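A.B. asks: show me the folded form of this:
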Amino acid sequence: MSSLPQPPTTIQTPGFAHYSTSWSPFHTSRLALASAANFGLVGNGRLHLVSVTPGPARLPALNIEKKYETQDGLYDIAWSEIHENQLVTASGDGSIRLWDIMLDEHPIRAWQEHTREVFSVDWSNIQKDRFVSSSWDGTVKIWTPDLARSVLTLQAHHACVYQALFSPHQPELVASCSTDGTVKIFDLRSPSYLTTGPNTNTFTNPISTAVLTVPASGTEILSIDWNKYRPMVLASAGVDKVAKVWDCRMVQTGGVGQVGGSCETQFLGHEYAVRKVQWSPHRSDVLATASYDMTCRVWTAMPQADRPQLLHIHDPHTEFVVGCSWSLYDEGIIASCGWDGRLSVFRL
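C.D. replies: Residues are numbered from 1 along each chain as shown. Take a look at the predicted model:
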């Protein structure tokens, strides 16, 4: 386990607990924070825009540039892949909002199709005019910013869907995870829905059949992420306190609830549920996890004699750590956020 050469840089937002943070894909110095009052249980939300500028001793300096108030808590955020100043947020009132950070106060578009909390949003980095959302109503929806309704609905699970992500390798693949302990992969080209009747469409008759179901845990799966370098490799994490790596090509479904393969790697050490897992955008074997045990940890899937599996424990937070994000431009920088209202940026 390595030690940091410098302490982390932090910034506080009194009264707001953070649920998610994300680096801009266009600017090395821009971060976004999705936050909620009263730990997201009741009350309003806030979108924070944070600038990251060089500071002394190679440490970044953080500054809140803008704040957008919302009527309900914000649980997730995703930057547009086609417009450097736009991003979408997922809200506790079931809404999704598109923001332009060059404008003040109001979103430029809003959607209200989900019937319960929207818990995740993700923008495709291949088909860059699409993003995906997941909700506690059990559905996953595909959107484009220019349309007033969703393009496609997936009846992904019969329980809360905590996260849904586009594959970074194949634009038609979407993975989701749920309260039911499964990770599912959907192929948007698959005709796995009814097409009979003059009024049938994928909005009123959603796709309900996954091309692969991985029973990843006996408890809730809270987070997943696609490996950026290895197609069909996913990481999952959740209430069982373990992060796991799955090669979906090696998982053979033998029937309902049966698989003929096991996970490739397990990361053991968190003391409470793992709320976020994210692969490094720079290395195929490195990932970060954020946990209710108030730590963010960095791991390698290929440990060696002089390089243990657990590379680093980042523990300045005083409440649940629920979000983490790798810098897309600097291999050594990670941001973490939590219910203590603290955004922390540290360099490995």
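A.B. asks: how near is Pro60 to Ala335?
C.D. replies: 9 Å (Cβ to Cβ, to the nearest Å). C-beta coordinates here come from the backbone N, C-alpha and C atoms, glycine included.
A.B. asks: the strands in the stretch 201-348 of the chain, which residues?
C.D. replies: Taking DSSP state E, counting those that start in this stretch to define them, one finds strands in the stretch 201-348 of the chain at 212-215, 221-226, 233-238, 243-247, 253-255, 258-259, 265-267, 274-279, 286-291, 296-300, 310-314, 321-326, 333-338, 342-347.
A.B. asks: want to throw these into CSV with mean pLDDT?
C.D. replies: Formatted as CSV, the strands of the stretch 201-348 of the chain follow (pLDDT from 0 to 100):
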stretch, mean pLDDT
strand 212-215, 93
strand 221-226, 98
strand 233-238, 98
strand 243-247, 96
strand 253-255, 46
strand 258-259, 42
strand 265-267, 96
strand 274-279, 98
strand 286-291, 98
strand 296-300, 98
strand 310-314, 96
strand 321-326, 98
strand 333-338, 96
strand 342-347, 94
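A.B. asks: out of those, which is closest to Ala164?
C.D. replies: strand 221-226 (8.5 Å; Cβ to Cβ).
A.B. asks: that closest one - contacts with which helices or strands?
C.D. replies: Applying 3 or more Cβ pairs under 8 Å, 6 or more residues apart in numbering; DSSP states H and E, we find strand 221-226 packed against strand 161-166, strand 173-178, strand 182-187, strand 233-238, strand 274-279.
A.B. asks: what lines up beside the first one in the sheet?
C.D. replies: Sheet neighbours of strand 161-166, with direction, are listed as strand 173-178 (antiparallel) (DSSP bridges).
A.B. asks: about what we covered before: who touches both of Pro60 and Ala335?
C.D. replies: By Cβ atoms under 8 Å, 6 or more residues apart in numbering, Pro60 and Ala335 have these common neighbours: Val345.
A.B. asks: can you show me the strands along the stretch 51-200 of the chain?
C.D. replies: Going by DSSP E, counting those that start in this stretch, the stretch 51-200 of the chain shows strands at 60-70, 74-79, 86-91, 96-100, 109-111, 118-123, 131-135, 140-143, 152-154, 161-166, 173-178, 182-187.
A.B. asks: could you dump these to JSON lines with distance to Ser284 and mean pLDDT?
C.D. replies: Converted to JSON lines, these look like this (distance: least, Cβ to Cβ, whole Å; pLDDT from 0 to 100):
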{"stretch": "strand 60-70", "distance to Ser284": "26", "mean pLDDT": "92"}
{"stretch": "strand 74-79", "distance to Ser284": "23", "mean pLDDT": "98"}
{"stretch": "strand 86-91", "distance to Ser284": "27", "mean pLDDT": "98"}
{"stretch": "strand 96-100", "distance to Ser284": "32", "mean pLDDT": "98"}
{"stretch": "strand 109-111", "distance to Ser284": "35", "mean pLDDT": "97"}
{"stretch": "strand 118-123", "distance to Ser284": "20", "mean pLDDT": "98"}
{"stretch": "strand 131-135", "distance to Ser284": "24", "mean pLDDT": "98"}
{"stretch": "strand 140-143", "distance to Ser284": "26", "mean pLDDT": "97"}
{"stretch": "strand 152-154", "distance to Ser284": "28", "mean pLDDT": "94"}
{"stretch": "strand 161-166", "distance to Ser284": "17", "mean pLDDT": "98"}
{"stretch": "strand 173-178", "distance to Ser284": "18", "mean pLDDT": "97"}
{"stretch": "strand 182-187", "distance to Ser284": "19", "mean pLDDT": "95"}
